[in-house]
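Enquirer: Curious how this folds, go ahead:
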Amino acid sequence: MVLQNSAIQTRSNFKILLCLIVIAAGIFRFALAPQKTLEGKGDTLLFQLWGYSAHHNGLTNVYEHSVDHPWFFNVARPNYLPPYMYVLWFLESVHSQFEPLGTVLTPVASIIYKTPAILFDLLLAGFLAWLVRKKFGDKWALVAAGIYAFHPAVIFESAGWGQIDSINTFFMVLCVWLMTKKKYLWATAVFTLAFFIKMQSIVLLPLLFYEIYKNSSIKTMFKAFWVGAGTVSLLSLPFFLAGKAADVFAVIFTSPGTYKFVSANAFNFWWLFSGGYWITKSDTQVFLGLQLITIGFLLFFAAVVFALWFRNRVKTETGLWLAAAFLAFAFFMLPTEMHERYLFPIFALLIPILPALKKVRWLFGILSLTFLWNLIAVFIILSQHEGRRLENFWGGSLFVAIVNLLVFILTITWYSQMAKKREPI
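Expert: Next up, the predicted model:
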């Protein structure tokens, strides 16, 4: 009886502490949200304009109309897929209860439009705590929740910059967890949702396909295909019913290539290749007989092959999380046209295995610093170079890009050693 009461008390204390972490993190974020000086120039405004367009032009017409605003030269047309258009329509409905429809650049608008990303930050912190607790206990679970809930870059992304990477990242983590449980049909549906929130989630597709191929039947693969197709149809149903399916698929196929530069502010391999001046090199330039965009694709394809080879050798749950995190890292480092924010998912993907491996903690810590610097540097560029094209951020960007590249090479070496030894991690 004493042991039972002690266990109940322990669970109760854990829940109280976790709630305190999440509540404190939420209060801090909502206090920061109205500070428009921390918003990336135009990013939060874009969401507000798209929400207005969903009401003014009609939800299923948003891809056909540009919103007139001088910051965007009258080309504020959405390049996000339908699920977030529904969210923006709803947010503008809420916003219109406090301010006139279409009002932008106010503290009230900032809070409302940043709320979904903030809530998913907190939800993800709780989910990561739950995942870690199941294998490593209460203390590590609280550490995991605290690290993510108060990660400076995570806070800056949602409450400051106003980006929504936390939303698709939540579904990416959920997808990987479902793969560890071999629930592949659910994983397929969740992956599709993540992709339709932000298309960068496609990094998980090779791993999902591999897991289904290696661990299930042809019948399951066939079912997964139809689950994916059905999820696409459900997520886009209003547009399909309105005869606007072509608009949805146009977003998918035309969004890549929007920024035809070797690096769109990501301090990675291509930032070094450009000499730190991303506007000086288009990724359609030819090098060694190939366009730079093609070279970037081939490099990432090689990284995918490496990740699947690693997964084939390291078959544990930890190996699956490591493979997913590597794909997120490689996606940031190797293809052209990467934004500074595209490293975001790696942190949530590493946290479930943070207690297991010291090198994961080093990787998490170093990339947290370089990622935060990348965000801050780009924010300074955007705020100080208002109205001009982005330029090199002194020498700091090159230093961070070198560190990221060295860490990426070391990560490949470390993964290779684990795979060759088939370590039971």
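Enquirer: Now stretch 334-343: average pLDDT?
Expert: On average, the pLDDT along stretch 334-343 is 89.
Enquirer: 11 is where my numbering starts, stick with that
Expert: Understood, numbering begins at 11; the last thing we discussed is stretch 344-353.
Enquirer: which residues touch that stretch?
Expert: Here stretch 344-353 makes contact (Cβ atoms under 8 Å, 6 or more residues apart in numbering) with 167, 171, 173, 175, 210, 266-280, 293, 302-303, 306-307, 309-310, 313, 338-339, 341-342, 377, 381, 384-385, 387-388. Backbone N, C-alpha and C define where each C-beta goes, glycine included.
Enquirer: Now that we have those, which of them are buried?
Expert: Listed as buried from these are 167, 171, 173, 175, 210, 269-280, 293, 302-303, 306-307, 309-310, 313, 338-339, 341-342, 377, 381, 384-385, 387-388; burial here means 16 or more other Cβ atoms under 10 Å.
Enquirer: Relative to the whole chain's centre, how far out is the host helix or strand of Ile157?
Expert: Under the criterion of DSSP states H and E, Ile157 resides in helix 148-159. Relative to its parent chain, helix 148-159 has a centroid offset of 20 Å by Cα atoms, centre = their mean, to the nearest Å.
Enquirer: So which other helices or strands are in contact with the helix or strand following that helix?
Expert: As assigned by DSSP H and E, the chain's next helix or strand after helix 148-159 is helix 162-165. In this structure, helix 162-165 packs against helix 12-42, helix 368-394, with contacts taken as 3 or more Cβ pairs under 8 Å, 6 or more residues apart in numbering; DSSP states H and E.
Enquirer: quick one, helices of the stretch 311-435 of the chain?
Expert: Along the stretch 311-435 of the chain, the segments classed as helices by DSSP state H, counting those that start in this stretch run 327-343, 355-360, 368-394, 406-431.
Enquirer: Ok, the stretch 111-260 of the chain next?
Expert: So, for the stretch 111-260 of the chain - with DSSP H, counting those that start in this stretch - the helices run 117-146, 148-159, 162-165, 175-190, 194-207, 215-225, 228-245, 247-251, 255-264.
Enquirer: Give the buried residues for the shortest one.
Expert: Neighbour counts using 16+ other Cβ under 10 Å place Ala163, Val164, Ile165 of helix 162-165 among the buried residues.
Enquirer: can you pull the contacts of the residue lying closest to the first one once chain neighbours are set aside?
Expert: The shortest distance from Ala163 to any residue other than its chain neighbours is 4.4 Å, reached at Leu382 (Cβ to Cβ, 6 or more residues apart in numbering). Under the criterion of Cβ under 8 Å, 6+ apart, the contact partners of Leu382 comprise Pro162, Ala163, Phe166.
Enquirer: so how far is His65 from Leu382?
Expert: Remark: distance between Leu382 and His65 (Cβ to Cβ, to the nearest Å) = 36 Å.
Enquirer: and if you look at Leu302?
Expert: Taken as Cβ to Cβ, the span from Leu302 to His65 is 41 Å.
Enquirer: Equivalent analysis for Phe354, please.
Expert: 29 Å.
Enquirer: quick one, which of those two is more surrounded?
Expert: Phe354 (25 against 17; other Cβ atoms under 10 Å).
Enquirer: And stretch 413-424, what's buried?
Expert: Val413, Asn414, Leu415, Val417, Phe418, Thr421, Ile422, Trp424.
Enquirer: Would you mind giving those residues as CSV with pLDDT added?
Expert: Formatted as CSV, the buried residues of stretch 413-424 follow (pLDDT from 0 to 100):
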residue, pLDDT
Val413, 94
Asn414, 95
Leu415, 95
Val417, 97
Phe418, 97
Thr421, 97
Ile422, 96
Trp424, 95
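Enquirer: is it possible to export those residues to a markdown table including distance to Arg87?
Expert: As requested, the buried residues of stretch 413-424 are arranged in a markdown table below (distance: Cβ to Cβ, whole Å):
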| residue | distance to Arg87 |
| --- | --- |
| Val413 | 37 |
| Asn414 | 32 |
| Leu415 | 35 |
| Val417 | 37 |
| Phe418 | 35 |
| Thr421 | 38 |
| Ile422 | 39 |
| Trp424 | 43 |
